[in-house]
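# Predicted model and sequence below, questions to follow.
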Amino acid sequence: MLNPKLNNMNYEAKQFESVSGFDGMSDRLMSEHYKLYEGYIKKANEIMEKLRTVDRATANATYSELRALKLGMSFAIDAIKGHELFFEHLGGQGGQADGVMAKLIEKSFGSFDAWLVDMKQTGIAARGWVWSAVDLDTGNLLNVLGDGHDAFPIWNATPLVALDVYEHAYFIDYGINRKEYIETFFR
């Protein structure tokens, strides 16, 4: 039986100050990136609608409509949540972390500079996303990567920093120069 709460689930695009562009990232780049985010919202809502009527009796781990929809749902929802966190980071003055984040960085990496180097190099190594997340089991901060929206959940961890390193996040302004985009992100 379908969970009746699914009937009320719907995602809506949030508005972010950062999508108007700023120093180092053009209005066009940010506008196109935001359109992609809106597309994930549209697709998540379409999937949720289809899940209301899918024949669950045909579920199968090799292939079934339910499996395909659930994979698509994971991809779209993770894309929504990742982009929302990403857009919330952009803008501002940059600089070193303070407060709780500074304490987590010091505990886990020894210094802000060591954390930043690891975060940037993880961005070079990743194909999709980089997360700086606190592991709720150990209390340590981890810089991890995820190559696909549906392939990177870090269970019992809370992401605090999200760096989108898919090409759409920088290609319009930086071409293949991911490193300069990452430098701009942290400025």
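Arrived safely. Numbering: from 1, shown residues only.

# same question for the strand or helix carrying Ala102, mean pLDDT?
Per DSSP states H and E, Ala102 falls inside helix 99-109. Averaging pLDDT along helix 99-109 gives 96.

# Equivalent analysis for stretch 29-44, please.
95.

# What are the buried residues along that stretch?
29-30, 33-34, 37, 40-41, 43-44 (16 or more other CB atoms under 10 Å). All C-beta spots, glycine's among them, are computed from the backbone N, C-alpha and C.

# Make JSON lines from those and add secondary structure and distance to Leu71 to it.
Formatted as JSON lines, the buried residues of stretch 29-44 follow (DSSP: H, G, I helix; E, B strand; the rest coil; distance: CB to CB, whole Å):
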{"residue": "Leu29", "secondary structure": "helix", "distance to Leu71": "29"}
{"residue": "Met30", "secondary structure": "helix", "distance to Leu71": "29"}
{"residue": "His33", "secondary structure": "helix", "distance to Leu71": "23"}
{"residue": "Tyr34", "secondary structure": "helix", "distance to Leu71": "25"}
{"residue": "Tyr37", "secondary structure": "helix", "distance to Leu71": "20"}
{"residue": "Tyr40", "secondary structure": "helix", "distance to Leu71": "14"}
{"residue": "Ile41", "secondary structure": "helix", "distance to Leu71": "18"}
{"residue": "Lys43", "secondary structure": "helix", "distance to Leu71": "12"}
{"residue": "Ala44", "secondary structure": "helix", "distance to Leu71": "12"}
